[in-house]
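J.: after the sequence you'll find the predicted model.
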Amino acid sequence: MPARFTRIVSSGLAFGPACIALMMATSVVAQDAQIGAVYRQLSSAEAKVAKALSAKDSRSLSRIGSELGKIIEAALQRRENGGSVSACDMAAHSLAFVAVSAADGVISKGDARKLLMDDAMAAASDFQKDMQACDKLAGKPASGHTSVGKALRAL
């Protein structure tokens, strides 16, 4: 009987490393899918922000900022659970800041407008850097991601 018990235990132990490797591979695939989804949302949001800036549409900018807030909240939740925040999550944060600052800047006058637009320009620069890192992370070809900055300068 002890010999049989030994065989069961030793064969059961052999599956341990395989299960761990499988769980890690599944985790990596899930993370890659998540990064791909965030990348697509960011690309779409980038075009929408540039279009809304060109039209001076503060409502659209605010709505885009709120939509990006969902990505940011998910990243914060992952961070609180011991996970990491990706460059794509940081790009979402930067773009949301651009959208919200520009939305407030479009409807403001004087010094308040200048300060808000300066903040939006700084965030656009951060977005460009974060998005270039996100391109690499998502395995996409590097792009300039300058449309938001150009639209802000045009204001």
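T.: In hand now; what should we look at? These figures come from a predicted structure and were not determined experimentally.
J.: and the helices in the protein?
T.: Ranges of helices within the chain are 2-55, 58-80, 87-107, 110-138, 147-154, based on DSSP state H.
J.: just the pLDDT at the residue nearest the centre of the chain, thanks.
T.: The residue lying closest to the centre of the chain (CA atoms, centre = their mean) is residue 89, at 2.5 Å. Residue 89 is assigned 93 on the pLDDT scale.
J.: my guess is it contacts residue 70, does it?
T.: No. Here residue 89 lies out of contact with residue 70, judged by CB atoms under 8 Å, at a distance of 11.3 Å. C-beta here means a position set from N, CA and C on the backbone, and glycine is covered the same way.
J.: remind me which residues of this protein are low pLDDT?
T.: 1-33 (pLDDT under 70).
J.: now with 90, please.
T.: 1-38, 83-85, 137-147, 149, 151, 154-155 (pLDDT under 90).
J.: please point out which parts of stretch 131-149 sit buried.
T.: The neighbour-count check on stretch 131-149 (16 or more other CB atoms under 10 Å) flags 131-132, 134-135, 137-138, 145, 147-149 as buried.
J.: nearest to residue 108 among those?
T.: Nearest to residue 108, judged by CB to CB, of these is residue 148 at 18.9 Å.
J.: give the contact list for the nearest residue to the closest one once chain neighbours are set aside.
T.: By the measure of CB to CB, 6 or more residues apart in numbering, the closest residue to residue 148 outside its immediate chain neighbours is residue 124, 4.8 Å from it. Neighbour list for residue 124: 94, 98, 148-149, 152 [criterion: CB atoms under 8 Å, 6 or more residues apart in numbering].
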